[in-house]
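K.L.:
let's see this in three dimensions:
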Amino acid sequence: MAKVIIHATITLDGFMADTNGGIDWMFGFSSVDEDEAVVSKVMKELGAVVGGANKTQTIEEGEIPYGGMLKVPVFEMTHEAHEPVERDGTTYTFVVNDITHAVEAAKAAAGDKSVALLGGSISRQCLKLGLVDEIQLHVVPLLLGDGISLFGGLGQRIKLERIETDAFASETHLRYRVVK
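P.N.:
Just a heads-up that it's a prediction; the model follows:
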């Protein structure tokens with residue numbers, strides 16, 4: 001069965017986006033082949049994605065997971081029912097108010113591959129429910145100072161076991177198992 005992972009690029013101070021949700025700070029850091037290999041390995045492991053839908057339940061250009069490089073089923077959390085959306089070979093299924101159902105559907109779709117959780121709220125909800133198996137972070141050398149925190153507001157301790165740590169050019173790649 002599929003593993004459920006939180007997969008994110010964050011700043012050293014723990015932000016995954018600026019205060020407006022922007023991620024333009026994420027680009028332009030130097031990298032080497034080893035950095036690309038770490039990211040490529042994670043991408044090959046992914047078989048489905050769970051994220052949050054926007055307010056209009058549309059799939060806008062800047063909201064496509066992994067910039068559209070990953071052609072896997074995407075399950076979007078929402079508060080209102082909506083028919084699935086097909087865009088550029090990817091099916092976006094909207095799941096109403098049941099994150100556990102979304103994760104289970106994504107696991108079924110992923111088969112023996114992993115499910116990536118995208119977004120702070122989605123990640124925190126799944127951690128609280130015990131649905132997360134691993135956390136994979138790419139930490140860039142930047143202090144954003146303010147923004148949207150990946151884990152801020154979690155409100156509980158989660159014990160982790162380090163699986164892997166790599167640092168090459170600019171990023172530090174961290175992989176942890178959630179101790180259950």
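
K.L.:
name the helix or strand of this structure that has the lowest mean pLDDT.
P.N.:
strand 85-87 (a mean of 81; mean pLDDT, DSSP states H and E).

K.L.:
quick check: buried residues in it?
P.N.:
Going by neighbour count (16 or more other C-beta atoms under 10 Å), the buried part of strand 85-87 is residue 85. C-beta coordinates here come from the backbone N, C-alpha and C atoms, glycine included.

K.L.:
pLDDT value on residue 135, please?
P.N.:
On pLDDT, residue 135 comes in at 97.

K.L.:
picking up where we left off before, walk me through which strands the least confident helix or strand of the chain pairs with, and which way each runs.
P.N.:
In the sheet, strand 85-87 lines up against strand 90-96 (antiparallel) (DSSP bridges).

K.L.:
strands of this structure, start to end?
P.N.:
Along the chain, counting by DSSP state E, strands occupy 4-11, 15-17, 46-52, 74-78, 85-87, 90-96, 114-117, 134-140, 148-149, 160-167, 172-178.

K.L.:
mind telling me which of the ones you listed the model trusts least?
P.N.:
strand 85-87 (a mean of 81).

K.L.:
ok, and the closest non-adjacent residue to the residue nearest to the spatial centre of the chain?
P.N.:
Using C-alpha atoms, centre = their mean, the residue of the chain that lies closest to the mean C-alpha position is residue 118, 2.8 Å off. Once flanking residues are discounted, residue 118 sits nearest to residue 51: 4.0 Å by C-beta to C-beta, 6 or more residues apart in numbering.

K.L.:
how near is that neighbour to residue 127?
P.N.:
15 Å (C-beta to C-beta, to the nearest Å).

K.L.:
for residue 45, same thing?
P.N.:
The value you get for residue 45 to residue 127, if C-beta to C-beta is used, is 19 Å.
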